[in-house]
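Novice: Need a 3D model of the following:
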Amino acid sequence: MTTLAKLPVTVITGFLGSGKTTLIRHLMQNAGGKRLAVIVNEFGDVGVDGEILKSCAIPDCPAENIVELANGCICCTVADDFIPTIEALMKLDPRPDHIVIETSGLALPKPLLKAFDWPAIRSAVTVDGVIAVADAEAVAAGRFAPNVAAVDAQRLADDSIDHETPLSEVFEDQISCADIVLLTKPDLAGPEGLAKARAVIEAEAPRKLPMIEVSEGIVDARIILGIGAAAEDDLAARPSHHDGAPDHDHEDFDSIVVNIPEVSDPADLVARIERLAIEQRILRVKGYAAVQGKPMRLLVQAVGARVRHQFDRPWGAGEPRQGRLVVIAEHDDIDPAAIRAALVAEEVAAQ
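Specialist: So this is what the prediction gives:
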């Protein structure tokens, strides 16, 4: 089978909350006539992004073409999850023209690219391109590391220190594997922030990469689908901090699921999440909440102390009005008792 006959796969990587799901929602509805299939790999036990995308399904990307893998990194569960999922999508009738994979915000992309060399699929699929989605404001502010200034100061003071913090390693690996970088939320970054973000990415990239500013995930599908990079055959040009390591894990990060009762005021929940992010160094919060007296479910997405929320759909008949939030932080910063107390105690006391 020639490369031209292989089913193209686009890997969309990017740090937590950078806008990957918003981008894919736009692609699903503006794919230029291509029939898409989507694989969503989430970190944590409760899937959020997959359900959001299924609610946006259209004939060219129906719900059965959207697969969610929430039980581990797909590059760590190749035989059990990734290969069977790819094979199942290829057997769909009609067969997809293109597969899009949304990685977890904590994922290292290079091990996933290596998975495409597995004998079961290497003659049938190809990595058309790797798209890195970067929150321009966060990159400019250095929020992909807990304290960039402190790390840089240590490095200047001690020549023996050559390691990066876990968050910066994730960011750098994502940039190093990319074919195109999408700079999201340019309105929040402003001209100076955009310029700084571009400079940071140019400094980290192993080669010159095209960078495109994108608002609300809106980008022409022709730019990011059909690159023809065959990235699985180009691994040497995509260096990683973990090259040479026998395997990788995600022990630097951890997540917990917090069940929350109905809330009386969404603004109070937002305020609690903001305080939690600051006091407990939380990276990401995402999930749902039930609001007293409201028939719609409240979708919550937070990156650090920046919280977005909106009513996304009605609660289903017989569906328990139970809120569930996934909280993600670096492993050493996870304090389940403190996190649950911050998200639940005040609401329970108010009832």
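Novice: Now do the lengthiest helix in the chain: everything it contacts.
Specialist: In the chain, with assignment by DSSP state H, the single longest helix is helix 186-204. Contacts made with helix 186-204 from outside it, assessed by C-beta atoms under 8 Å, 6 or more residues apart in numbering, are listed as 134, 136-137, 139-142, 171-172, 175-176, 181, 183, 208-209, 211, 213-215. (C-beta placed from N, C-alpha, C; glycine too.)
Novice: tell me which residues of it are tucked away?
Specialist: Across helix 186-204, burial judged by 16 or more other C-beta atoms under 10 Å covers 186, 189, 193, 194, 196, 197, 198, 200, 201, 204.
Novice: now swap in stretch 208-228 and tell me
Specialist: 209, 211, 213, 214, 217, 219, 221, 224, 225, 227.
Novice: what about the last one, which SS state?
Specialist: Meaning residue 227. Reducing the assignment to helix, strand or coil with DSSP: H, G, I helix; E, B strand; the rest coil, the entry for residue 227 is coil.
Novice: Which residue comes closest to it once chain neighbours are left out?
Specialist: Nearest residue to residue 227 in three dimensions, chain neighbours excluded: residue 129, at 3.4 Å (C-beta to C-beta, 6 or more residues apart in numbering).
Novice: mind listing what the one you found touches?
Specialist: Residues counted as contacts of residue 129 (C-beta under 8 Å, 6+ apart) are 10, 11, 179, 180, 224, 225, 227, 228, 229, 231.
Novice: Okay, and it sits in which element?
Specialist: In this assignment (DSSP states H and E), residue 129 forms part of strand 125-135.
Novice: how far off helix 186-204 does that strand point, in degrees?
Specialist: Between strand 125-135 and helix 186-204, the angle formed by their directions is 120 degrees, by axes from the mean of the first three to the mean of the last three C-alpha atoms, to 10 degrees.
Novice: so what does whichever helix or strand comes after strand 125-135 touch, helix or strand wise?
Specialist: Past strand 125-135, further along toward the C-terminus, the next helix or strand under DSSP H and E is helix 136-141. The criterion is 3 or more C-beta pairs under 8 Å, 6 or more residues apart in numbering; DSSP states H and E, and the helices and strands that helix 136-141 contacts are strand 180-184, helix 186-204.
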